[in-house]
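Trainee: model the following, please.
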Amino acid sequence: MDMQKQAQRRAQTRPPEGCLVVAIRIPVRTSVFLVVLPVRLLWDACAAAARFLGRYVLVPVARFLWRHVLTPTGHAIGWILHRLLVLPLIWLYRHLLTPLGHALAWLHARVLTPIGHALLRLLTPVATAVARVFDRLATALARTARVLLVLPARALWRWILTPVGRVLGIVLREIGDALGHAWRAAGYVARAAGRVLATLFRWIFQEPARWVYRTVLTPVGHVVRDLVLRPAAQAARAVGRAVGQARADLRRALFGEPVPPAAVHSREPVSRDARTLDG
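Mentor: Here you go, the predicted model:
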């Protein structure tokens, strides 16, 4: 729809076209579309890869470099340049160039200007005579150039270059329109190809993997958990308890019953009617 609207808009703004334009347009647009289509596909793939790299690789790396490398380096270089270049230039301007400029201005006002005025008064008649000679010579040369160059160039422009330029303009315009049309059409083809590839990837890899996970791996995992892992864990706990009991029985048989700890007498009353903070 967008391509049709744009084509109608261009057709309304253009003057009526002849059979030469139509005869040039169809083969030009066909060939240009066949050339532009792989370029557009490659362009869209590179653009997608560039967006991915820019978002997840280049932007974080650039932020890190800007924050931790370039900014400190720039501050250090700025400080060094200020110390080694700006301050010496300021000193040179104040203490050398400014006095020198004042001396040159005094020399120009007091010496060069009077000499220039004197030379101007001496050379004015000579310059006037030379100007008259050059004026007459330039007039003769202009007439000769008009006869030998301007008139043949005008005829060449009017009778040869203008018709050829019109034909070339039509061809270039049609090539430009064909490039734009082919680029837009190739964009639609590239998007359609991308959708087809995404659908094929989903059908070939994603949906089978999801089906295998749901219908095979999940029940198998439940069976393994219920029939193997859970009984194995229960058996391991039972074995651990049995080993602990056996170790306790062996220690009791070898060393006897453990001596209970001696009771520690406390100053607090132990009877039921002992005083508390509440009473």
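Trainee: show me what the longest helix seen in the chain is packed up against.
Mentor: When the chain is parsed with DSSP state H, its longest helix is helix 162-201. Other helices and strands packing on helix 162-201, by 3 or more Cβ pairs under 8 Å, 6 or more residues apart in numbering; DSSP states H and E, are helix 2-13, helix 19-53. No exception for glycine: its C-beta is placed from N, CA and C like everyone else's.
Trainee: average pLDDT for that helix?
Mentor: Averaged across helix 162-201, pLDDT comes to 86.
Trainee: try stretch 132-148
Mentor: 84.
Trainee: hang on, the earlier thing: mean pLDDT lowest where, among the helices and strands packed on helix 162-201?
Mentor: helix 2-13 (a mean of 58).
Trainee: pLDDT of the helix or strand hosting Glu207, averaged?
Mentor: Assessed by DSSP states H and E, Glu207 sits inside helix 207-212. Average pLDDT, helix 207-212: 89.
Trainee: centre of the chain to that helix, how far?
Mentor: With Cα atoms, centre = their mean, to the nearest Å as the basis, helix 207-212 stands 37 Å off its chain's centre.
Trainee: how about that helix as CSV, C-alpha atoms only?
Mentor: Coordinates of each C-alpha in helix 207-212 appear next as CSV, following Å, rounded to 0.1, in the frame of the first residue of the first chain:
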residue,chain,number,x,y,z
GLU,A,207,8.3,-26.6,19.2
PRO,A,208,10.0,-30.1,19.1
ALA,A,209,12.2,-29.1,22.0
ARG,A,210,9.2,-27.9,23.9
TRP,A,211,7.3,-31.0,23.1
VAL,A,212,10.2,-33.3,24.1
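Trainee: any residues touching that helix, and which ones?
Mentor: Contacts with helix 207-212, where a contact means Cβ atoms under 8 Å, 6 or more residues apart in numbering, come from no residue at all.
Trainee: next structured bit after that helix?
Mentor: Next along the chain after helix 207-212, taking DSSP H and E as the criterion, comes helix 218-224.
Trainee: alpha carbons of that next one, as PDB, please.
Mentor: What follows is helix 218-224, C-alpha atoms only, in PDB (Å, rounded to 0.1, in the frame of the first residue of the first chain):
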ATOM      1  CA  THR A 218       9.300 -34.000  32.500                       C
ATOM      2  CA  PRO A 219       7.600 -37.400  33.000                       C
ATOM      3  CA  VAL A 220      11.000 -39.200  32.900                       C
ATOM      4  CA  GLY A 221      12.300 -36.700  35.500                       C
ATOM      5  CA  HIS A 222       9.300 -37.300  37.700                       C
ATOM      6  CA  VAL A 223       9.700 -41.100  37.400                       C
ATOM      7  CA  VAL A 224      13.400 -40.800  38.200                       C
END
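Trainee: after it, heading C-terminal, what element do we hit next?
Mentor: Criterion used, DSSP H and E; the element after helix 218-224 is helix 230-255.
Trainee: pretty sure Glu174 sits against Val28.
Mentor: Yes. Using Cβ atoms under 8 Å, Glu174 makes contact with Val28 at a distance of 5.1 Å.
Trainee: return the residues in contact with the nearest residue to Arg191 once chain neighbours are set aside.
Mentor: Counting by Cβ to Cβ, 6 or more residues apart in numbering, Asp44 is the residue found nearest to Arg191 once chain neighbours are left out, at 7.8 Å. Contacts for Asp44 (Cβ under 8 Å, 6+ apart) come out as 187, 190-191, 194.
Trainee: can you flag the buried ones in those residues?
Mentor: Using 16 or more other Cβ atoms under 10 Å as the burial test, the contacts of Asp44 include 187, 190 as buried.
Trainee: looking at the contacts of Asp44, which is nearest Val167?
Mentor: Nearest to Val167 out of the contacts of Asp44 is Gly187 (Cβ to Cβ; 30.6 Å).
Trainee: so how far is Gly54 from that closest one?
Mentor: Distance of Gly187 to Gly54, computed by Cβ to Cβ, to the nearest Å: 21 Å.
Trainee: same check, this time on Ala253
Mentor: 75 Å.
Trainee: which one of these two is surrounded by more residues?
Mentor: Gly54 (11 against 8; other Cβ atoms under 10 Å).
Trainee: tell me how far that one lies from Val69.
Mentor: Applying Cβ to Cβ, the value for Gly54 to Val69 is 19 Å.
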